[in-house]
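> Predicted model and sequence below, questions to follow.
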Amino acid sequence: MSASAQLGFENTCSILESYGIPVLGRLVADMEALKKAAAEIGYPVVLKANSEKIVHKSDLGAVRLNLRDEAEMCLAHEEILVGLKKAGLQSPDNWLVQKMVKPGYEILIGAMQDPVFGSVTMVGQGGKYVELLKDVAPGIGILAKENVELMLDRTIAGKVLKGYRGDNYDRESVIDLTIKISKLMAENPQIHEIDLNPVIVHENGVALVDARVIAGDPVNRAEQDELEQWRIESLDNIFNAKSIAVVGASRTGTMGGIIFKNCTKIPKVFPINTKLEVVQGYKCYPNFYTLPETPDVAVFALNPDATMAGFEEFCKLGGKGAIIVSDGFSEAGRKNVEERLIRLSEQYRVAYLGPNCMGVIDNHSHLNTMFLAEHRTAVPTESGGIGIISQSGGIGVELLEMFKAGGVKIGKWVSCGNASSVGVPEILHNMGNDPNIKLIGIYLEGVSEGLKLMQIGKEVSKTKPVIVIKGGMSGGAEATLSHTASMAGSAEAFRACSRRAKFFLIEDLTEDPKVLVNVFSILTTMPPAKGNKVAVVSVGGGAAILLADQVTEQGMELAKFGSETKQKLQNLLRDNIRVPNEEERQKILSGIGKNPLDLFGNCDDERLMAALKIVDEDPNTDIILAAIYLQVPFLSEYINDKLAELNKGLTKPLVISPRGFSPHVNRCREELFSKGITTYTVPMMKPMKIALDIWSKYRTTFQE
């Protein structure tokens, strides 16, 4: 962002008033004019020292409120001058006098230019403690009424404006003012920041008593570019390749050799290497000109200069799309080399993935351009409905290995690399249109085309869940000139983007990609839950209490068992209660059938199976969470077979959480997995909540 400065009061008023936003007050130069203005406005008044060097007036004592007459105003004038002198500041440029407005509710409306997302407008709780409370919600671009309504609903301020405890405030005026500010910012890239704090909200109308506008050279904002058809077509050709050439193909054990071996399931595969005649039993060619035909796709695993030359050959001969695994481009400081690559791509309308990427896996078309040796990694090879996009090769591989370990099938996996030709928006569009892909996960570190991502996301998420893990969400803000800027920035803008695009954003657990894996595991291995009412069934009580707490903390509900369910559970456990008299027995039985349900440490196979079946039949339960201490003595060696058999007949999702990490527990988990049941340790509760939210939003998708 270019250098910027705070505008004076008159310029600020002029800009705001051009959008129908009046600011209270008059600007005067000396005491005589101040006395006259105050008399005309009418006491009580507010006096403020006005200077471009004074950013936060309250911090310097440069504001005096509720001055009831001329004498009080003159005294306040002198006190402000003394305070400024002590702070090492000169006399203000001029003075602002305003009518003292009646008390109301103080809010903040602010906006700033974000280099990735364009104009970002914020609304929320205002006043002196705005940065401490941070009760604001952002929105991107020119906002509509429904956008502002959703923003307010995410703040305490919005709840107050709805009439908390009988208070009556003009919420509609707040919405109207927020929309006007968003329009002003979107249409004026030279305005860097706007800070309206406080805006006093009354029963009828609002009063704008302080405004700060910071301007400078126009900000070069990301435009909402449409997807270019030729890039989309190239990407489609990559994933549907019938023929492929691997440039740099070599013997097994090398990078080019591993890539070539992984590509041999494509109908036609051609190795290109100037030094070899045969590669892994295939005739090798020195260049594209000597191939019997031009392949649909080329994979490059060479140094940058050789890649450049080969890519140009490929483009001239009519190639359709490329994957550039090669590194040594802009990520290594050679931006000029990558720019040449971009120019070639645009000249011939041939898009590429990469450079500096780990490639692509498509288990439906059998395309695999990874360069990791098979014995060093673990890649799911069974095709499924999951698509993964990762800006980090390392995180992408970690996700693959976790999917493999969890028995989760994937359809597509894409490592973006530098993404200088085809980025996340284009790949997301491709997966959105792919009938084989039902769920999409994205690992993001940076966003360069924010508006395009938001637009494509809005379309894709209409029919498919898109889950995003975003790195870099907690970076601190630099010193700023306004309250708005101190709370905004690309992290807040990305949250707003995710809400507009209807992404499921995971930001509090970004250190553990297993969250994403567990979400997909639950969604793809269990029948969809009809609601968010959770029954917690435990063999051993401690885990049940902990999990029940987490159920409510994550915003889910603890199921309240129906009377018939309670009776069945009491009958099941009646004989387990050994007490001296029937009165005592009945007292204990009355407490059985509550959620969480403890089946006691002497639980055996039959009791556990019967309890799970009873809870599955409960009309008030949507999902069963079973916390099982497999170590207890009466659960037999056949418990895994019985759980697997029972699970086939259940109508509701059963999430099994074995407790502990002993060799016996680990063996049981492995055996259950071999029988088609995935078990979960941590992280578990956050993924379960996300899965329930997705089932709720995409109910028809999961019922197909």
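Received, thanks. Residues are numbered from 1 along each chain as shown.
> Could you check how far residue 36 is from residue 535?
With distances defined as C-beta to C-beta, to the nearest Å, the gap from residue 36 to residue 535 amounts to 74 Å. C-betas here are computed from N, CA, C, even on glycine.
> show me what contacts the spatially closest residue to residue 325 that is not a sequence neighbour?
Once flanking residues are discounted, residue 325 sits nearest to residue 301: 4.9 Å by C-beta to C-beta, 6 or more residues apart in numbering. Residue 301 makes contact with 246, 247, 248, 249, 255, 256, 259, 325, 326, 371 under the criterion C-beta atoms under 8 Å, 6 or more residues apart in numbering.
> Pull up the per-residue confidence for residue 301.
Per-residue confidence (pLDDT) for residue 301: 95.
> repeat for residue 521
If you check residue 521, the pLDDT there is 94.
> Pretty sure it sits against residue 406.
Yes: assessed by C-beta atoms under 8 Å, residue 521 is found in contact with residue 406 at 5.1 Å.
> Now for these two: what residues contact both?
Shared contacts of residue 521 and residue 406, defined by C-beta under 8 Å, 6+ apart, comprise residue 678.
> Who has more neighbours out of those two?
Counting neighbours by other C-beta atoms under 10 Å for residue 521 and for residue 406 shows that residue 521 has the greater number, 22 against 19.
> That one - that's part of a helix, no?
Yes: applying DSSP: H, G, I helix; E, B strand; the rest coil, one finds residue 521 inside a helix.
> Find the helix or strand that the residue nearest the centre of the chain is a member of.
Here the mean C-alpha position of the chain is nearest to the C-alpha of residue 505 (C-alpha atoms, centre = their mean), at a distance of 2.6 Å. With secondary structure defined by DSSP states H and E, residue 505 is part of strand 504-506.
> That strand pairs with which strands?
Strand 504-506 has its sheet partners listed here by DSSP bridges as strand 466-470 (parallel).
> how much distance is there from the strand it pairs with to the middle of the chain?
In terms of C-alpha atoms, centre = their mean, to the nearest Å, the centre of strand 466-470 is found 5 Å from the chain centre.
> same question, stretch 268-280
On the basis of C-alpha atoms, centre = their mean, stretch 268-280 sits 43 Å off its chain's mean C-alpha point.
> remind me which residues of this protein are low pLDDT?
With pLDDT under 70 as the threshold, the chain has low-confidence stretches at 1-2, 52-59, 221-225, 472-489, 508-512, 541, 578-579, 703-704.
> mind listing the strands for the stretch 451-600 of the chain?
Listed in chain order, the strands of the stretch 451-600 of the chain (DSSP state E, counting those that start in this stretch) span residues 466-470, 504-506, 533-539, 557-558, 597-598.
> Quickly run through the sheet partners of the third one, with directions.
I take that to be strand 533-539. When sheet partners are counted by DSSP bridges, strand 533-539 sits next to strand 557-558 (parallel), strand 597-598 (parallel), strand 623-628 (parallel).
> Out of these, which gets nearest to residue 147?
Distances from residue 147 to each of the strands paired with strand 533-539 were compared using C-beta to C-beta; the minimum, 29.2 Å, belongs to strand 557-558.
> ok, so what distance separates the residue lying closest to residue 402 once chain neighbours are set aside from residue 685?
Nearest residue to residue 402, sequence neighbours excluded (C-beta to C-beta, 6+ apart): residue 517, at 4.3 Å. The gap separating residue 517 from residue 685 is 15 Å, by C-beta to C-beta.
> now residue 185
For residue 185, the distance to residue 685 - C-beta to C-beta - is 39 Å.
> what does residue 701 give?
Summarising the geometry, the distance separating residue 701 from residue 685, computed by C-beta to C-beta, is 23 Å.
> Looking at the two, which one has more neighbours?
Neighbours were counted for residue 701 and for residue 685 using other C-beta under 10 Å; residue 685 has more, 22 against 15.
> hang on, isn't that one packed against residue 550?
Yes: under the criterion of C-beta under 8 Å, residue 685 is in contact with residue 550, at a separation of 4.3 Å.
> Run through the residues that contact the residue nearest to residue 7 when sequence neighbours are not counted.
Distances taken as C-beta to C-beta, 6+ apart put residue 213 closest to residue 7, at 4.6 Å, once the chain neighbours are dropped. Neighbour list for residue 213: 6, 7, 11, 12, 15, 16, 191, 193, 194, 195 [criterion: C-beta under 8 Å, 6+ apart].
> filter those residues to the buried ones?
Burial by neighbour count, 16 or more other C-beta atoms under 10 Å: within the contacts of residue 213 this picks out 6, 7, 12, 15, 16, 191, 193, 194, 195.
> what pairs with the first one across the strands?
Spelled out, that is residue 6. For residue 6, the beta-bridge partners are residue 214 (DSSP bridges).
> For the nearest residue to residue 162 once chain neighbours are set aside, give its distance to residue 16.
Nearest non-adjacent residue to residue 162, counting by C-beta to C-beta, 6+ apart: residue 171, 6.6 Å away. Applying C-beta to C-beta, one obtains 21 Å for the distance of residue 171 from residue 16.
> Over to residue 663?
Relative to residue 16, residue 663 is positioned 70 Å away (criterion: C-beta to C-beta).
> Residue 673 - how many residues pack around it?
Applying the criterion other C-beta under 10 Å, we find 15 residues in the vicinity of residue 673.
> between the strands of the stretch 451-600 of the chain, which one is nearest to residue 288?
Of all the strands of the stretch 451-600 of the chain, the one in closest proximity to residue 288, counting by C-beta to C-beta, is strand 466-470 (37.1 Å).
> who's in contact with that closest one?
Residues lying outside strand 466-470 but in contact with it, judged by C-beta under 8 Å, 6+ apart, are 428, 439-445, 457, 460, 494, 498, 501-507, 510, 513, 515-516, 519-520, 690, 694.
> so how far does stretch 49-63 reach from one end to the other?
The first residue of stretch 49-63 is 7 Å away from its last residue (C-alpha to C-alpha, to the nearest Å).
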